[in-house]
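Engineer: Can you look at this prediction? I've put the sequence above it.
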Amino acid sequence: MLSGLFSVLRNKQFLSLLGNVVSAFFNVLSFAILVRLLSLTDFGIWVIFTTTYNIMDQVRTGLLQSGLIKFYSGADAQTARTVAGAAWHVALLLTAGYVVLSLAATFTVAPYLDPSWRFFIPWLGILTLFSLPMNFATWVLQAENRFHQIVYIRIAQNGSFLVLVGVLWLADKITLPFVLYAYAASMILSGIYCLARKWTGIRQLAFRTKQQAKELYVYGRLIIGSIISSSLINYTNQMVILTMLGSAKVALFSIPQKFMEVIEILLRSFVATAQPTISAAANRNDSRAVAVAFCRYTGTVTILIIPCIIGMLLFTEPLIVLLADREYLEARHVVRITLLTAILWPIDRFNGVTLDMMNLPKVNFYKNMLKLVLNAFFAVVLTWLFPNIISVAIAGFLHIIFAVGYGYYIMKKHTEVNFADIWRYGWSEFRQLTKKVLKISQ
């Protein structure tokens with residue numbers, strides 16, 4: 001029993017899952033605290049600000065993470081140093097660009113905005129600088145399959161932010177500026193921790209080459225679309241709601257996103273372990289192995305999330321009250337629509353990962369841009385016809401239907417994949433996971 005337990009604890013999928021569980025736990029806890037301590041309007045502004053920062057961060061992640069994993073994993077020591085150094089070079093250039101742009105916006109655009117945004121805008125670039133060591137460390141550790149150390153980074157960043165928010169509450173200083181200072185401080189602390197543990201690989205900057213940096217950029221620029229598409233879609237939804245319904249409705253619309261953390265935990269965890277597996281098969285030009293890996297991961301995650309979705313559908317209202325407050329119950333129908341839509345998330349997400357690993361990032365980029373355009377169109381038109389946040393949730397359902405159909409069509413052209421295999425391989429993998437858990441419990 002103990003040997004089986006230790007085997008599971010060392011399993012990369014379990015460690016990836018644990019890292020995301022830890023991150024989600026602290027995120028949901030801090031969300032539940034802030035949603036009660038900030039006004040509905042202030043919390044809506046905080047949601048929009050953090051979403052804006054996350055999009056900037058995910059552009060950087062999209063440009064570099066997949067390329068770093070692809071060219072770093074399994075490479076010899078010299079190549080790995082060159083790849084890491086080139087990635088640091090591109091990351092620093094992009095981050096410097098963010099800092100300059102945010103400072104420029106402070107003096108050009110900010111004077112025409114409300115006071116909250118005049119304060120927040122310069123911090124967008126600063127936060128990307130503070131978060132760079134922490135984020136780069138997670139990319140390197142993922143490429144090296146050292147997922148247990150990623151767990152420590154999640155705890156350092158999310159845990160310190162939660163502690164700092166608690167200190168602010170005790171000092172009666174819960175305001176938007178002080179919450180931002182706590183957010184920035186948690187990134188600084190995590191970055192120092194990663195640098196001290198020598199996980200960032202920043203010393204490899206000396207081994208960078210112009211050719212490798214260009215290769216990472218060329219590979220990553222199209223993957224940006226798949227990495228940030230969901231965030232851009234969420235951001236578009238928030239902008240539509242802010243413009244047409246007001247910031248208080250943005251706060252309400254943030255509730256289903258926290259419900260989706262449960263689904264995202266499983267998706268992010270399996271995607272992190274799927275990327276090297278699918279990439280290795282694609283590099284061997286083994287289309288059958290690519291199809292099997294796609295079906296196995298997609299089917300397993302779909303089977304795992306269905307009970308979670310059913311449970312959250314049954315207890316939507318109590319969970320909203322537990323997460324936020326009774327004034328947020330207006331979001332219950334949006335939560336239910338989003339939960340039903342999430343059943344299709346695994347096939348869309350793993351389709352994107354598979355296309356990227358098969359060196360078809362351009363196809364995936366076009367698919368995600370079409371998703372974004374369709375979502376924006378449906379969100380604007382439906383909200384104009386029916387001024388309610390439910391309209392935006394329905395727009396999300398419509399665009400995911402298109403994404404699944406189009407993605408499946410593309411996969412059929414390049415691999416021997418079908419919906420029946422998704423269920424068959426997914427169920428087989430699920431049964432193996434269940435047997436391992438039962439064996440440990442005995």
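Structural biologist: Noted; the coordinates are in hand.

Engineer: Okay, Ala272 and Thr302: tell me how far apart.
Structural biologist: 17 Å (Cβ to Cβ, to the nearest Å). Heads up, the C-betas are built off the backbone N, CA and C, glycines and all.

Engineer: Quick check, central residue of this protein?
Structural biologist: Arg268 (7.0 Å; Cα atoms, centre = their mean).

Engineer: Just the mean pLDDT for the longest helix seen in the chain, thanks.
Structural biologist: The longest helix of the chain (DSSP state H) is helix 210-244. Computed over helix 210-244, the mean pLDDT rounds to 80.

Engineer: list the helices and strands it packs on?
Structural biologist: helix 40-72, helix 77-108, helix 247-259, helix 345-357, helix 361-385, helix 389-414 (3 or more Cβ pairs under 8 Å, 6 or more residues apart in numbering; DSSP states H and E).

Engineer: how about these in CSV, adding mean neighbour count and distance to Arg424?
Structural biologist: CSV is the format used below for the helices and strands packed on helix 210-244 (neighbours: other Cβ atoms under 10 Å; distance: least, Cβ to Cβ, whole Å):
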stretch, mean neighbour count, distance to Arg424
helix 40-72, 21, 28
helix 77-108, 18, 37
helix 247-259, 23, 30
helix 345-357, 26, 14
helix 361-385, 19, 25
helix 389-414, 18, 16
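
Engineer: So for Ala282, which of the ones you listed sits nearest?
Structural biologist: Counting by Cβ to Cβ, Ala282 lies closest to helix 345-357 out of those; the figure is 4.9 Å.

Engineer: what's around Ile337, how many residues?
Structural biologist: For Ile337, the tally of surrounding residues (other Cβ atoms under 10 Å) stands at 18.

Engineer: Please name the nearest non-neighbouring residue to it.
Structural biologist: Spatial nearest neighbour of Ile337, chain neighbours left out: Ala393 (4.1 Å); criterion: Cβ to Cβ, 6 or more residues apart in numbering.

Engineer: Please verify my assumption that the one you found contacts Leu339.
Structural biologist: No - Ala393 is beyond contact range of Leu339, at 10.0 Å (criterion: Cβ atoms under 8 Å).

Engineer: average pLDDT across stretch 169-183?
Structural biologist: 90.

Engineer: picking up where we left off before, any chance of the helices and strands packed on helix 210-244 in JSON lines with mean pLDDT and distance to Leu124 as columns?
Structural biologist: Converted to JSON lines, the helices and strands packed on helix 210-244 look like this (pLDDT from 0 to 100; distance: least, Cβ to Cβ, whole Å):
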{"stretch": "helix 40-72", "mean pLDDT": "83", "distance to Leu124": "6"}
{"stretch": "helix 77-108", "mean pLDDT": "90", "distance to Leu124": "5"}
{"stretch": "helix 247-259", "mean pLDDT": "83", "distance to Leu124": "18"}
{"stretch": "helix 345-357", "mean pLDDT": "86", "distance to Leu124": "26"}
{"stretch": "helix 361-385", "mean pLDDT": "89", "distance to Leu124": "21"}
{"stretch": "helix 389-414", "mean pLDDT": "90", "distance to Leu124": "24"}
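
Engineer: out of those, which comes closest to Val28?
Structural biologist: With Cβ to Cβ, the closest approach to Val28 among the helices and strands packed on helix 210-244 belongs to helix 247-259: 5.9 Å.

Engineer: by contact count, what packs against that closest one?
Structural biologist: With contacts taken as 3+ Cβ pairs under 8 Å, 6+ apart, helix 247-259 sits against helix 12-37, helix 40-72, helix 210-244, helix 316-323, helix 332-342, helix 389-414.

Engineer: Ok, which of the ones you listed comes nearest Ala96?
Structural biologist: The nearest among those, by Cβ to Cβ, is helix 40-72 at 11.5 Å.

Engineer: which other helices and strands contact the closest one?
Structural biologist: Helices and strands touching helix 40-72, by 3+ Cβ pairs under 8 Å, 6+ apart, are helix 12-37, helix 77-108, helix 115-143, helix 176-196, helix 210-244, helix 247-259, helix 261-283.

Engineer: Of these, flag the one that's most buried.
Structural biologist: Comparing those by mean neighbour count (mean count of other Cβ atoms under 10 Å), helix 247-259 comes out on top with a mean of 23.

Engineer: Report the inter-axis angle for that one versus helix 361-385.
Structural biologist: Helix 247-259 and helix 361-385 meet at an angle of 130 degrees, taking axes from the mean of the first three to the mean of the last three Cα atoms, to 10 degrees as the criterion.

Engineer: what's helix 247-259 in contact with?
Structural biologist: 27-28, 31, 35, 40-41, 43-45, 47-48, 234, 237-238, 241-242, 312, 319-320, 323-324, 328, 330-331, 334-335, 337-339, 389, 392-393 (Cβ atoms under 8 Å, 6 or more residues apart in numbering).

Engineer: Apply 7 Å and report the result again.
Structural biologist: For helix 247-259, contacts defined as Cβ atoms under 7 Å, 6 or more residues apart in numbering pick out 28, 31, 40-41, 43-45, 47-48, 234, 237-238, 241-242, 312, 320, 323-324, 328, 330-331, 334-335, 338-339, 389, 392.

Engineer: Pull the contacting residues for the closest residue to Val417 other than its chain neighbours.
Structural biologist: Distances taken as Cβ to Cβ, 6+ apart put Ala291 closest to Val417, at 4.4 Å, once the chain neighbours are dropped. Shown in contact with Ala291 (Cβ under 7 Å, 6+ apart): 415-417.
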